[in-house]
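Q: Next comes the sequence, and after it the predicted model I'd like to discuss.
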Amino acid sequence: DGGITQSPKYLFRKEGQNVTLSCEQNLNHDAMYWYRQDPGQGLRLIYYSQIVNDFQKGDIAEGYSVSREKKESFPLTVTSAQKNPTAFYLCASIIRAKNHGGGYTFGSGTRLTVV
Amino acid sequence: QQQVKQSPQSLIVQKGGISIINCAYENTAFDYFPWYQQFPGKGPALLIAIRPDVSEKKEGRFTISFNKSAKQFSLHIMDSQPGDSATYFCAASFGNEKLTFGTGTRLTIIP
């Protein structure tokens, strides 16, 4: 079955520690996205990548970093510079085709908690 | 700047009733308006989407109404069922990429 796999499902981070969230898709989708979800704030875009070896900052990129070395993979690193990282992180992907009727496919998310 | 405003924040509807969630957008360049359904602990799933060349789109019990002049669109869930209890997000984008999401509506269907 095609889909997006996010791991781990739960992650605990100590103060000052960097952690990396994994996102892998086998849908052959071109573009991949990272969103952060907080209660009452909806989904906010962190970073996105439309092709391999290229990515752009979203609305809340500070304290985060990404890489896109392979089409299937788009890992997100939450650095110690992110002061309030506790949130639900969602990875999504989509085919980049004009007038494509489909929407994002989302992973099941990673819940990150600072301890 | 919040480009997509969603209301209400929460909604309680009796089983069999009609659930209505509203969204308003600011960017007139947006040309793709999807709705997503999210269950607790899961990622959102695409429910239904519309483009501004039509005023309404229906898929089963779910209907999007779109008012281009008012820059508003809404989701109607007919004959609401307990299984529809979830959080619903509207979104908007230009060319169906880089979606901007509303803040979400928590829908509860009571017996």
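A: The structure has been received and is ready for your questions.

Q: who in chain B is up against chain A?
A: Contact residues (C-beta under 8 Å from any C-beta of the partner chain) of chain B with chain A: B:6, B:9, B:34, B:36, B:41-46, B:49, B:89, B:95-104. No exception for glycine: its C-beta is placed from N, CA and C like everyone else's.

Q: Now that we have those residues, which of them are buried?
A: B:6, B:34, B:36, B:43-44, B:46, B:49, B:89, B:96-97, B:99-104 (16 or more other C-beta atoms under 10 Å in any protein chain shown).

Q: Residue ranges in chain A under the pLDDT threshold?
A: A:1, A:97-102 (pLDDT under 70).

Q: can you list the residues of it near chain B?
A: By C-beta under 8 Å from any C-beta, the residues of chain A that approach chain B are A:4, A:6, A:31, A:33, A:35, A:40-45, A:48, A:50, A:58, A:90, A:92, A:94, A:96, A:98, A:100-109, A:111.

Q: Restrict those residues to the buried ones and give me that as a ChimeraX selection.
A: In ChimeraX, this line selects whichever of the residues of chain A next to chain B come out buried by 16+ other C-beta under 10 Å:
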select /A:4,6,31,33,35,42,43,44,45,48,50,58,90,92,94,103,104,105,106,107,109
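
Q: Just the ones of the residues of chain A next to chain B in strands?
A: Among the residues of chain A next to chain B, the members falling in strands (DSSP state E) are A:4, A:6, A:31, A:33, A:35, A:42-45, A:48, A:50, A:90, A:92, A:94, A:105-106, A:111.

Q: quick revisit: okay, who's weakest in the buried ones among the residues of chain B next to chain A by pLDDT?
A: Lowest pLDDT within these is found at residue B:96 (65).

Q: Tell me what the residue in chain A that chain B sits nearest to is bridged to.
A: Nearest residue of chain A to chain B, counting by C-beta to the nearest C-beta: residue A:106, 3.2 Å away. In this entry, residue A:106 is beta-bridged to residue A:92, by DSSP bridges.

Q: you'd agree it is up against residue A:4?
A: Yes - Residue A:106 sits in contact with residue A:4 when judged by C-beta atoms under 8 Å, with a separation of 6.6 Å.

Q: Mutual contacts of these two, please.
A: Residues touching both residue A:106 and residue A:4 (C-beta atoms under 8 Å, 6 or more residues apart in numbering or on different chains): A:91, A:92, B:43.
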